[in-house]
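In: A predicted structure for the sequence below; I have some questions about it.
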Amino acid sequence: DIQMTQSPSSLSASVGDRVTITCRASQSISTYLNWYQQKPGKAPKLLIYAASSLQSGVPSRFSGSGSGTDFTLTISSLQPEDFATYYCQQSYSTPMYTFGQGTKLEIK
Amino acid sequence: EVQLVDSGGGLVQPGGSLRLSCAASRLIFSSYWMTWVRQAPGKGLEWVATLNQDGSERYYVDSVKGRFTISRDNTKNSLYLQMNSLRAEDTAVYYCARVHHYYDSGSHHYYFEYWGQGTLVTVSS
């Protein structure tokens, strides 16, 4: 099974900061990597698919990069609505999937 | 706007059964793989099961194999999750989601594009 490990598990930042979240796969998954944002009490929302493609309607301050085993999600300038939990997900082993454990982004 | 509505959650005793439903509207339901994802209280997301378009291919996370069954009725635009022999560790919010397929330069990418609002399953005596 492919394991996904995110770091950090939590992060404190201020509005306007540039933030990077890392996701590492236990084996190479090429670019079969997606990112989701989840706010409390809500369903997850797709941000990035195929490692670096921005989902329609998602602000351009969000970007993704990486391939193989190491991936990053970057928010270029944090906005108040960006404080949430972020999950990576591998789709290399589709139709079975694995999520990272999540990164909680909190206001400093 | 595409909408998925999850229902059927509730309180059930250990060893009991429950059937979750996911009703789809304003989307071409029968053309897509569908999936269930769960989230235990205060925990992360866990993929549970996936089903192909005609219901002939089913995939499960190891922890639910033999206990849960994913199915669909394309005439009713509905997805189901039959959960038997429930355990305390199955307590979670369960979300259905539509699996989107994206093809680019020889690679097939899949992601969960639309999600239901979730339904809470609590397994407790």
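Out: Right, received. Where do you want to start? Residues are numbered from 1 along each chain as shown, chains lettered A, B, ... in the order given.
In: residue A:35 reaches residue A:48, doesn't it?
Out: Yes: using CB atoms under 8 Å, residue A:35 is in contact with residue A:48, at 4.1 Å. Bear in mind the C-beta positions are built from the backbone N, C-alpha and C, glycine included.
In: who touches both of the two?
Out: Common neighbours of residue A:35 and residue A:48, counting by CB atoms under 8 Å, 6 or more residues apart in numbering or on different chains, are A:62, A:64, A:73.
In: buried residues in the lengthiest strand in chain B?
Out: Scanning chain B for the longest strand, with DSSP state E as the assignment, gives strand B:92-104. Neighbour counts over strand B:92-104 (16 or more other CB atoms under 10 Å in any protein chain shown) mark B:92-100 as buried.
In: which of those residues lies closest to chain A?
Out: For these, the residue nearest chain A by CB to the nearest CB is residue B:95; the value is 5.5 Å.
In: what does chain A have sitting close to chain B?
Out: Neighbours of chain B within chain A, by CB under 8 Å from any CB of the partner chain: A:30-32, A:34, A:36, A:38, A:43-46, A:49-50, A:53, A:55, A:87, A:89, A:91, A:94-102.
In: now do the strands in the chain.
Out: Just going to use chain A. Going by DSSP E, chain A shows strands at A:4-7, A:10-13, A:19-25, A:33-38, A:45-49, A:53-54, A:62-67, A:70-75, A:85-90, A:98-99, A:103-107.
In: my bad, chain B
Out: All strands of chain B, identified by DSSP E, fall at B:3-7, B:10-12, B:18-25, B:33-39, B:45-51, B:58-60, B:68-73, B:78-83, B:92-104, B:107-115, B:119-123.
In: and the fifth one, what other elements does it pack with?
Out: With contacts defined as 3 or more CB pairs under 8 Å, 6 or more residues apart in numbering or on different chains; DSSP states H and E, the secondary structure elements packing on strand B:45-51 are strand A:85-90, strand A:98-99, strand B:33-39, strand B:58-60, strand B:68-73, strand B:78-83, strand B:92-104.
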